[in-house]
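Undergrad: need a structure here:
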Amino acid sequence: MTADPRGLLGRMFDAAIEAAQPAHCVPPQLPPPDLVRGRLLVIGAGKASAAMARAVEEHWSGELSGLVVTRYGYAVPCKRIEIVEAAHPVPDEAGLKAAQRLLALVRGLSADDLVLCLISGGGSALLPLPIDGLTLEHKQALNRQLLKSGASINEMNCVRRHLSAIKGGRLAAACHPARVLTLAISDVPGDDPINIASGPTVPDPTTCADALAIVRRYAIELPPEVRAVLESGRGESVKPGDERLARAEIRLIATPQLALQAAAKLAREAGCTPLLLGDSIEGEAREVGKVMAGIAKSVVQHGQPVAPPCVLLSGGETTVTVRGNGRGGRNVEFLLALAVALEATPGVWAIAGDTDGVDGAEEVAGAIVAPDTLARAFSGGMRAVDRLADNDGHGFFEALGDQVITGPTLTNVNDFRAVLVASGR
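TA: Okay, here's the model as predicted:
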């Protein structure tokens, strides 16, 4: 077992991110050049889309052109594919214009053409083109409410799909009769393609009625224009069986499970038994923190469900119902709750971070919890339970110097959590 728990946790997080890098996972999925009789048009959206575009350029010798939109700070140099940056998680005018241009690019294609669509997490906010009758301001206001509501990512994307001119299969429908091949990096629990960037190139089985039910569940206030779109059914997306999507194919090229397996391999090499608890864990971040603390305590006290030294690995996307005024993110909220529930249990360390490098609205991936976290905080005049009540995870870990800052990782396979139990009783 390593004498450097912090270092091991950091290396596992790095391994998870590295496993999902577009440079590794895009090239093997590119179609054979002889299958492209007409144009190859590359489009896409997401935090990894620019890096995916660069991987396409580096491994495609034939003609191509295209446009992808990524988050501010996530662009990489490309020669033949235009890279546009826009805002995330709340959309902006740059994203709106990019979405309009994407739709214009795919109009008038032939059956001989191939559209290569590069999709990754963040694409929903980066393609905020609203359905006719709605505005960008409507989308911005709705996004802010959804982000604070505690709704799951699947629920948020269901609502977004039914107010969009490009999501829910509409982008692929606009490409008809061309063939569409989507390469997707999954950032959603369960890896359902309809929820990756709200599924712009796949059919959507959900309905406007489903979206309205989510709005009611979380007491989200809708402007009359938005409500009218959902209640009238005018926002219905492209459904399974639609002939315009008959030539659309999607391939998942990187997933949260792949990232967890890479971290598990590194843990084994360090003499630490990995236990994968799932790549699709959802729920309130603070409740998930309590549960993980309970499992870690069982490992320390009873050697169950696995004996130490071990690491509990999990992924997915938790939620935060915002009640305080702090600087929060779901990963640091999880860690704060974990630290409180662990009650300074000796030998237990943890890391949690978003694999895109941004937890919430902060340019910080996550943080690390150590056995002395609560004591160091108290000596500095902080109580973790108070910061948790104020949703102030980033403020808490910044004060301790325990933030994990990666900068743009150029990929996104959701949240990564590792709870390291170095020893038992």
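Undergrad: Low-confidence stretches in this structure?
TA: 1-2 (pLDDT under 70).
Undergrad: Quick one: the strands in it, in order.
TA: Taking DSSP state E to define them, one finds strands in the chain at 40-45, 65-71, 81-86, 114-120, 179-185, 248-254, 273-276, 310-316, 348-354, 366-369, 403-404, 415-421.
Undergrad: Helices of the stretch 301-425 of the chain, residue ranges please.
TA: With DSSP state H, counting those that start in this stretch, the ranges of helices along the stretch 301-425 of the chain come out as 330-342, 373-379, 384-389, 393-400.
Undergrad: Please identify the most buried of those.
TA: Most buried of the helices of the stretch 301-425 of the chain, by mean neighbour count (mean count of other C-beta atoms under 10 Å): helix 330-342, with a mean of 27. For every residue, glycine as well, the C-beta is placed using N, CA and C.
Undergrad: With just CA atoms, put that one into PDB.
TA: Output for helix 330-342, consisting of C-alpha atoms alone and laid out as PDB, is shown next (Å, rounded to 0.1, in the frame of the first residue of the first chain):
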ATOM      1  CA  ARG A 330     -21.800  18.600  -6.700                       C
ATOM      2  CA  ASN A 331     -18.400  17.000  -6.100                       C
ATOM      3  CA  VAL A 332     -17.300  19.300  -3.300                       C
ATOM      4  CA  GLU A 333     -20.800  19.000  -1.800                       C
ATOM      5  CA  PHE A 334     -20.300  15.300  -1.800                       C
ATOM      6  CA  LEU A 335     -16.900  15.600  -0.200                       C
ATOM      7  CA  LEU A 336     -18.100  18.000   2.500                       C
ATOM      8  CA  ALA A 337     -20.900  15.600   3.500                       C
ATOM      9  CA  LEU A 338     -18.500  12.700   3.400                       C
ATOM     10  CA  ALA A 339     -16.100  14.400   5.700                       C
ATOM     11  CA  VAL A 340     -18.800  15.300   8.200                       C
ATOM     12  CA  ALA A 341     -20.200  11.800   8.200                       C
ATOM     13  CA  LEU A 342     -16.700  10.200   8.500                       C
END
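Undergrad: what angle do that helix and strand 348-354 make?
TA: Going by axes from the mean of the first three to the mean of the last three C-alpha atoms, to 10 degrees, helix 330-342 is angled at 160 degrees with respect to strand 348-354.
Undergrad: Now do helix 330-342 against helix 393-400: the angle between them, please.
TA: 70 degrees.
Undergrad: How far off centre is helix 330-342?
TA: Computed by C-alpha atoms, centre = their mean, to the nearest Å, the separation of helix 330-342 from the middle of its chain amounts to 20 Å.
Undergrad: Quick check: chain neighbours aside, which residue is closest to E155?
TA: Closest residue to E155 apart from its sequence neighbours, by C-beta to C-beta, 6 or more residues apart in numbering: I214 at 4.7 Å.
Undergrad: Let me have the helices of the stretch 301-425 of the chain in a markdown table, extended by distance to A141.
TA: Below are these laid out as a markdown table (distance: least, C-beta to C-beta, whole Å):
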| stretch | distance to A141 |
| --- | --- |
| helix 330-342 | 22 |
| helix 373-379 | 36 |
| helix 384-389 | 27 |
| helix 393-400 | 24 |
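Undergrad: Quick one: closest of these to V180.
TA: When those are compared by C-beta to C-beta, helix 330-342 sits nearest V180, at 32.4 Å.
Undergrad: Could you check the angle that closest one makes with strand 310-316?
TA: Using the same axes, to 10 degrees: helix 330-342 against strand 310-316 is 140 degrees.
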